[in-house]
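Asks: predicted coordinates and the sequence they were generated for:
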Amino acid sequence: MSHRQRIYSFNATLFKMTGVQKVLLDIHHAIRDDYEAYVVGTIPFERIHKNLSISQSEYRRLRNPFMFYHSIVIVHERKYLLMFWLLNLLLLQRIKIVYIHHNIFHNLRRLTIMPKTVVSISDRCTENLTGYFKVPLSHIHKIHNCVADLHPPVHKEPTPGQLTLLYPARINEVKRQPEIVQKLKGRLDSHIKIFFAGDGPLLEQLIEVTAGSNQFIAMGYVSDIPSLMQKCDYTLLFSKHEGLPITLIESAMCGMPIVCNDVGGNTEIAIEGRNAIVVDDWEDLVTTLNSLAEINNERYLGMSAESRLIYEEHYTFEKFKEAYLQLLKDLN
């Protein structure tokens, strides 16, 4: 076939490296062999976050809205749905819009015009779409996020007398790292250390609240989270809300036991009684962290194996790729 369908993956914040950008690139990599696929942003190529590893040949900067004519556009930010709807309504651009619902929202419902093809990344996101945004269930396609398998070695049991927890997330109000330090400081056993890996608007505040502490360490941006996971015992995540966290999928891929709260799609990855301990208030979090040393090696390695199994069952790139190719095939 001489002409392949053009597909644009659109995001206006390619200067950041968050879960949204990672999913965008995973979709792009999954479809580019079958389609004429490009990543579209609003910034110069030179400003794209270097760790996104987007080549100049596959990037298009949005300068002319007519560039999208008769194409498929995968939209990763809800606020731009109105723009693409207007392009179709007023300029007759014949764009097929696919919206990825990355998180749970409870605002701007009247200004949100959902397309007929919406991807939900978790059950909670589906509930948000049907309950708050009134999207018909027939318009929603559930596709889990993924991470590429690095085939890590089997996770080792914790070193006696010390426990390390990794909190890998963007440093912001949603992930609430400074608040976590303030709530836990002075209440954890001395053998527990929590490493915060990430960048973001609250990084300076996190550095300030962790200054002088040997239990809470602000590492800043870390490019290779899976390698760091191999050196830690547990993943910790205690966000205000989530969609389906890439870092928990990375944890499962690496065979890490998880401590987290029940928000968003967390408990689709971190399953109580299998690979995780799920806690929902500050007191339970303190108690849980201080009791981790009581988990024997057999149980710890069992939780580790369960994490890896959950990843292999639901979150591989191969399953992700198959689902998106089928979705796009059904659009044509």
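Replies: Arrived safely. Numbering: from 1, shown residues only.
Asks: pLDDT weak spots in the stretch 201-332 of the chain?
Replies: For the stretch 201-332 of the chain, not a single residue meets the criterion pLDDT under 70.
Asks: again, 90 this time
Replies: The stretch 201-332 of the chain contains residues with pLDDT under 90 at 223, 331-332.
Asks: can you map out the strands along it?
Replies: Counting by DSSP state E, counting those that start in this stretch, the stretch 201-332 of the chain has strands at residues 216-220, 234-237, 258-260, 276-278.
Asks: relative to Tyr315, which of these is closest?
Replies: strand 258-260 (13.2 Å; Cβ to Cβ). Bear in mind the C-beta positions are built from the backbone N, C-alpha and C, glycine included.
Asks: from the contact counts, what lies against the closest one?
Replies: Secondary-structure packing of strand 258-260 (3 or more Cβ pairs under 8 Å, 6 or more residues apart in numbering; DSSP states H and E): strand 234-237, helix 246-253, helix 266-269, strand 276-278, helix 282-291.
Asks: partner strands of that strand and their direction?
Replies: strand 234-237 (parallel), strand 276-278 (parallel) (DSSP bridges).
Asks: dump these into a markdown table; add distance to Gly41 and mean neighbour count as well.
Replies: Shown next, in a markdown table, are the strands paired with strand 258-260 (distance: least, Cβ to Cβ, whole Å; neighbours: other Cβ atoms under 10 Å):
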| stretch | distance to Gly41 | mean neighbour count |
| --- | --- | --- |
| strand 234-237 | 28 | 25 |
| strand 276-278 | 35 | 21 |
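Asks: need those in TSV with distance to Arg63, can you?
Replies: Below are those laid out as TSV (distance: least, Cβ to Cβ, whole Å):
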stretch	distance to Arg63
strand 234-237	39
strand 276-278	46
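Asks: which one is Gly41 nearest to, not counting chain neighbours?
Replies: Leu14 (4.2 Å; Cβ to Cβ, 6 or more residues apart in numbering).
Asks: can you say which of the helices and strands packed on strand 258-260 is packed in most?
Replies: Greatest average neighbour count among those goes to helix 246-253 (a mean of 27), per mean count of other Cβ atoms under 10 Å.
Asks: that one - contacts with which helices or strands?
Replies: Looks like helix 246-253 contacts helix 19-31, helix 225-229, strand 234-237, strand 258-260, helix 266-269, helix 297-314 (3+ Cβ pairs under 8 Å, 6+ apart).
Asks: re the thing from before, Asn51: which of the strands of the stretch 201-332 of the chain is closest?
Replies: strand 216-220 (13.3 Å).
Asks: what lies in contact with that closest one?
Replies: Here strand 216-220 makes contact (Cβ atoms under 8 Å, 6 or more residues apart in numbering) with 171, 177, 181, 184-185, 193-199, 203, 206-207, 209-210.
Asks: pull out the buried residues from that strand.
Replies: Neighbour-count burial for strand 216-220, with 16 or more other Cβ atoms under 10 Å as criterion, is recorded at Phe216, Ala218, Met219.
Asks: next one: stretch 166-184
Replies: Buried residues in stretch 166-184 (16+ other Cβ under 10 Å): 166-172, 175-181, 184.
Asks: restricted to strands, list those.
Replies: Leu166, Tyr167, Pro168 (DSSP state E).
Asks: and the closest residue to Thr126 other than its chain neighbours, how far from Ile258?
Replies: Counting by Cβ to Cβ, 6+ apart, Ser120 is the residue found nearest to Thr126 once chain neighbours are left out, at 4.3 Å. Separation of Ser120 from Ile258 (Cβ to Cβ, to the nearest Å): 22 Å.
Asks: and Glu204, how many neighbours?
Replies: Glu204 is flanked by 12 other residues according to other Cβ atoms under 10 Å.
Asks: same question, the one 5 residues further on
Replies: Taking other Cβ under 10 Å as the criterion, the count of residues near Val209 is 18.
Asks: ok so, going back, out of the helices and strands packed on helix 246-253, which comes closest to Leu90?
Replies: helix 19-31 (26.5 Å).
Asks: distance from the chain centre to the closest one, please.
Replies: Per Cα atoms, centre = their mean, to the nearest Å, the displacement of helix 19-31 from the mean C-alpha position of its chain is 11 Å.
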